[in-house]
Structures are given as structure tokens and as C-alpha cells.
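Asks: Predicted structure and sequence below. I'll ask about it afterward.
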Amino acid sequence: MLRIARRLVAGAVCLAAFALTSTAWAQAPSIRILVGFPAGGGSDAIARTLADKLKDELGRPVIVENKPGAGGQLAAHELKAAAPDGRTFFISHDHTISILPLVSKNPGFDPAKDFTPVAGFASFVNAFAVSGGTPAKSLNEYVDWVRTQKAGKGTVGVPAPASTPEFLVGVLAQTFKLDLVPVPYRGSAPMMGDMLGNQIAAGVGSVPDFIDNHKNGRIRVVAVLGGKRQPTLPDVPTLAELGIGGLEDLPYYGFFAPAGTPKAAIDEFSQALAKTIAVPEVRERLMALGLAVEFMNSQQLATRERAYAKTWAEIIRKSGFQPQ
């Protein structure tokens, strides 16, 4: 009986400890990760993959909040307005942080003043893809198809207006002497929906946006940017291989916090992110989404952002685009 009593006491202690842990978890202040694009897109999938493990490293709930609209601009405004208390972070790629300030007269935020780089975790490449209903199986075949079947005119989906994909469409149009019109969407998910429905023949977006549907044959990635072929797409040539240079600088993914966020909070999140992307299953998932996983601390991310913005500022200037 004494042994049974001891077991009951031990069980009660365990239950009490579990209850205390659960209560502490429920009471711990949650972390918000803002995503500037709709659920179902590449950025959303990446954010949720990371959030699932970050909660373990941080010891508190991590909630993904989608704030789609204006190429991530609405999420950036939300970040700017957030209290700098270490509870709100913005996962962003190059477009919102580096490109929007170049193409908008008044984006409503200044990354250098309003945000603090926290840490980067990956780079990726943009790609040109054709829908399943398009007969082309290469970029050159697509160009020939537009010339012969479409009288030299074509529409190409892009995930946001005045984005690097839109400017890439302009580069391709000029290179091949075609009348290619970029069609902007509110994120990659609706663009992909129209490509899968063969409502638009081609699109430009990130490899993470395209990779799953390329693998299942519903769309075909026919060219990638960057200086080398991608491990997830070894048979797809780079634009440089096809004679279109100057587009080798790779976009990035990183986290940003409101300006004034305490360094201790920045360091805590940065360290948790470094541990998270080192977890094999997380790393493999990110790589499967088309990312080259690489940790960048706050200063490295800031340097990367400035260099990328400088490269595309020149491309945008040459395009003749006027900030709106």
C-alpha cells in the first residue's frame, strides 16, 4: 500500500508540474510574426515552418499573422506602429524592405529609421515559369511561341506591382524584342492560381513560390536568376547561361523588428532563429521550398540589404520607371 501511495503522490506531482508548465506557457507573452502576403504563398509557408520550431526555442507561443496587401507594405506599416517590446517581428524578403522604398514616393516607412534588422536566414532566386497549358518547355521556346502564336505580345504574372519580377519582365521584353506586359497580383498565391488554371501563360516569382507545382508538373520553371543552377532545379538553366547577365545578386529572407526594440530581445530572437534553422527537418523543409539556408546576424543582414538595394536601384533607373 505504501508503494502504491508513493506512486500516487509521484503522479500527482507530475500532473501538478504539467499544469504549472501549461499555465506558464499560456501566460507567456506571445510573439507575433507578420507576413506581408496571403496565406498559401511561399512567404507564408516559410513563416509557419519557422514558427513551429521557434516557439520551442523561445519557450512561448509564436503566432503568424498575415497582413497581405501592397507588396508587404501593410505589414510594414503594422511593424512600424508596433510597440518595440520584442514581441512583434516581420518576416520579409527583398521586395518590401529593399524595393518598395525605391519605387514609391511615400511608402510610409523608412527601413533605416523605422526598423531594426534582426537576422537573416536564407537567400533565394527568382524564376521564370510557364503554365501547364503553354507548349513551351524552355525560355527560348516560350519566346518563339509568343512571337509566332501571339504576334509578339504576351502577359506575364508578377506577385506585386513595381517588384523585381516586374522589372525582370521588362528586361526580358527588351532582350527578346517582345511586347510583354507584367500583370501584378496581390501575392504569389493568386498568381499561381491563375497559372494553374491556364488563365495566364507565364509568371515570374521566387523558386519557393513555384517549386511544388514544378515538381508535380502543373507548371514548368524554365529559367532562374543567380550565378549558378539551383540544387532543387538542376536541369533549369540560369538567365546568365541564356545570355542575360547582370541579375546574379540574390534576394534574401530575414526578420525585422520595430526601431528601438531592446538589443536583448533582438539577440534572443536571433539566437533562437540560428538554432531553429540548424534543426535538420526545418533546414530540409526550407531547402525543399527552394531556399539556400544561411544565417546572417543583424549587421550582416543590414549589409546584405543595402547592397541589394543598390543593385536594383540601378536596374530600376535604367528601366525609366518613375516612383509613384
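Replies: Happy to help now that I have it.
Asks: I'd assumed residue 137 was in contact with residue 145.
Replies: No: with contacts counted by Cβ atoms under 8 Å, residue 145 stays clear of residue 137, the gap being 10.2 Å. To be clear about C-beta, it is placed using only N, CA and C from the backbone, and glycine gets the same treatment.
Asks: Comparing those two, which shows the higher neighbour count?
Replies: The neighbour comparison of residue 145 against residue 137 (other Cβ atoms under 10 Å) goes to residue 145, with 17 against 11.
Asks: residue contacts, the residue lying closest to the more buried one once chain neighbours are set aside?
Replies: Spatial nearest neighbour of residue 145, excluding adjacent residues (Cβ to Cβ, 6 or more residues apart in numbering): residue 136 at 5.0 Å. If you count contacts by Cβ atoms under 8 Å, 6 or more residues apart in numbering, residue 136 has them with 130, 142, 144-145, 220, 222.
Asks: Over to residue 83?
Replies: Per Cβ under 8 Å, 6+ apart, neighbours of residue 83: residue 258.
Asks: Just say helix, strand or coil for it.
Replies: Per DSSP: H, G, I helix; E, B strand; the rest coil, the secondary structure class of residue 83 is coil.
Asks: What distance do you get for it to residue 197?
Replies: Distance of residue 83 to residue 197, computed by Cβ to Cβ, to the nearest Å: 42 Å.
Asks: now the helices: where do they sit in the stretch 51-200 of the chain?
Replies: Assigned by DSSP state H, counting those that start in this stretch, the helices in the stretch 51-200 of the chain fall at 73-81, 94, 100-103, 111-114, 139-149, 164-176, 188-196.
Asks: Please work out how many residues are found near residue 97.
Replies: Residue 97 has 24 nearby residues by other Cβ under 10 Å.
Asks: repeat for the one 10 residues further on
Replies: The number of residues packed near residue 107 is 19, by other Cβ under 10 Å.
Asks: do the same with residue 279
Replies: 13.
Asks: what residue is smack in the middle of this structure?
Replies: Among the residues of the chain, the one closest to the centroid is residue 43, at 4.0 Å (Cα atoms, centre = their mean).
Asks: Assign a three-state SS to the closest residue in space to that residue that isn't next to it in sequence, would you?
Replies: Leaving aside its sequence neighbours, residue 43 sits nearest to residue 37 (Cβ to Cβ, 6+ apart; 4.7 Å). Following three-state DSSP, we place residue 37 in the coil state.
Asks: Would you check that residue 156 makes contact with residue 203?
Replies: Yes: using Cβ under 8 Å, residue 156 is in contact with residue 203, at 6.3 Å.
Asks: Only the C-alpha atoms, please, for the helix or strand hosting residue 254, written as PDB.
Replies: Assessed by DSSP states H and E, residue 254 sits inside strand 252-258. Output in PDB follows, covering the C-alpha atoms of strand 252-258 (Å, rounded to 0.1, in the frame of the first residue of the first chain):
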ATOM      1  CA  TYR A 252      17.200  37.400 -49.200                       C
ATOM      2  CA  TYR A 253      14.800  36.500 -46.400                       C
ATOM      3  CA  GLY A 254      15.100  38.000 -42.900                       C
ATOM      4  CA  PHE A 255      13.400  39.200 -39.800                       C
ATOM      5  CA  PHE A 256      13.000  42.800 -38.800                       C
ATOM      6  CA  ALA A 257      11.700  44.500 -35.600                       C
ATOM      7  CA  PRO A 258      10.400  48.000 -34.800                       C
END
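Asks: Specify the residue ranges that define each domain of the chain.
Replies: According to automatic domain parsing, the chain comprises the domains 30-123+251-319, 126-224.
Asks: gap between the two ends of the last one?
Replies: Between the opening and closing residues of domain 126-224 we find a distance of 6 Å, counting by Cα to Cα, to the nearest Å.
Asks: what's in contact with the helix or strand encompassing residue 277?
Replies: Element membership of residue 277, judged by DSSP H and E, is helix 263-278. For helix 263-278, the surrounding residues in contact (Cβ under 8 Å, 6+ apart) are 31, 50, 53-54, 57-58, 85-86, 89, 116, 118-119, 121-122, 255, 257, 282-283, 286, 293, 295, 297-298.
Asks: how does it look with 6 Å?
Replies: The contact list for helix 263-278, computed with Cβ atoms under 6 Å, 6 or more residues apart in numbering, reads 50, 53-54, 57-58, 86, 118-119, 121, 282-283, 293, 295.
Asks: now stretch 137-152
Replies: 130, 136, 154, 176, 178-179, 222-223, 242.
Asks: the strands in this protein, which residues?
Replies: Here the chain has its strands, by DSSP state E, at 31-35, 62-66, 88-93, 115-123, 126-131, 153-158, 179-184, 202-206, 219-224, 252-258, 292-296.
Asks: I am finished for the moment; much appreciated.
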